[in-house]
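Undergrad: I would like the atomic coordinates for the input below:
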Amino acid sequence: METAKTQQEPTMNTEPQKEHQWLQKLVGEWAYETEAMMSPDQPPERATGTENVRSIGGLWVVAEGQGEMPCGGAATMIITLGYDPQKQRYVGTWVGSMMTYLWLYDGELDAAKNMLTLNSDGPAMMGDEKMAKYRDVIEFKSDNHRVMTSHVLGDDGQWHQFMTVNSRRKQ
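TA: Modelled structure (predicted):
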């Protein structure tokens with residue numbers, strides 16, 4: 001006897017949904033400028049680079065960035081983003097050549113469908129082996145300009161922005 005399904009089952013043949021289609025706006029070649037606050041008593045550090053974002057089956061996007069780190073030196077970063085219909089959440093990963101930690105993303109779009117907020121836990125910036133809560137927000141200013149802001153949850157219970165990345169589509 002079959003029972004009614006109350007939640008969507010994982011499937012191997014998934015058609016892209018509107019949430020997956022939103023991610024396709026990221027696909028393309030981008031140039032970025034980063035401004036990062038490495039320390040509250042220092043001026044912001046700046047860095048530049050490029051990012052190539054491709055689609056995997058219309059369900060996932062994979063972005064590979066290459067550029068400078070705000071504190072100097074070369075860096076390569078890879079981010080994966082998708083939408084999990086079972087969780088009704090955006091999911092993803094981030095890895096970079098500057099660390100061994102695998103960042104796991106969990107997020108959602110705002111009501112206006114302009115901002116994707118991605119939450120993650122990761123090593124605290126103080127290097128004291130503690131973990132911290134982070135939030136990256138990707139906002140489309142136009143089809144060819146997006147801004148990502150990175151925040152960390154402080155001991156004061158407030159979100160503190162420490163990095164801004166302006167990405168512009170290469171023409």
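
Undergrad: poorly predicted segments of this structure, please.
TA: Filtered on pLDDT under 70, the chain yields the residue ranges 1-11, 13.

Undergrad: where do the helices sit along it?
TA: Taking DSSP state H to define them, one finds helices in the chain at 18-23.

Undergrad: quick one: the strands in it?
TA: For the chain, the strands defined by DSSP state E cover 28-36, 45-56, 60-68, 74-84, 89-96, 103-109, 115-123, 131-142, 145-153, 159-169.

Undergrad: okay if I get these as a markdown table plus distance to Thr14?
TA: Any C-beta I mention is one placed from the backbone N, CA and C, and that applies to glycine too. A markdown table is the format used below for the strands of the chain (distance: least, CB to CB, whole Å):
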| stretch | distance to Thr14 |
| --- | --- |
| strand 28-36 | 23 |
| strand 45-56 | 12 |
| strand 60-68 | 11 |
| strand 74-84 | 10 |
| strand 89-96 | 14 |
| strand 103-109 | 18 |
| strand 115-123 | 20 |
| strand 131-142 | 23 |
| strand 145-153 | 26 |
| strand 159-169 | 28 |
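
Undergrad: which stretch among these comes nearest His20?
TA: strand 74-84 (5.2 Å; CB to CB).

Undergrad: using PDB, write out every CA atom in that closest one.
TA: Extracted in PDB, the C-alpha atoms of strand 74-84 (Å, rounded to 0.1, in the frame of the first residue of the first chain):
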ATOM      1  CA  ALA A  74      48.100  34.900  -4.700                       C
ATOM      2  CA  ALA A  75      44.900  33.000  -4.000                       C
ATOM      3  CA  THR A  76      42.600  30.500  -5.800                       C
ATOM      4  CA  MET A  77      39.100  30.100  -4.500                       C
ATOM      5  CA  ILE A  78      36.300  27.700  -5.500                       C
ATOM      6  CA  ILE A  79      32.600  28.000  -4.500                       C
ATOM      7  CA  THR A  80      29.800  25.700  -5.400                       C
ATOM      8  CA  LEU A  81      26.200  26.800  -5.000                       C
ATOM      9  CA  GLY A  82      22.900  25.000  -5.600                       C
ATOM     10  CA  TYR A  83      19.400  24.800  -4.300                       C
ATOM     11  CA  ASP A  84      18.100  21.800  -2.200                       C
END
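
Undergrad: buried ones in that strand, by neighbour count?
TA: For strand 74-84, burial by neighbour count (16 or more other CB atoms under 10 Å) applies to 75, 77, 79, 81-83.
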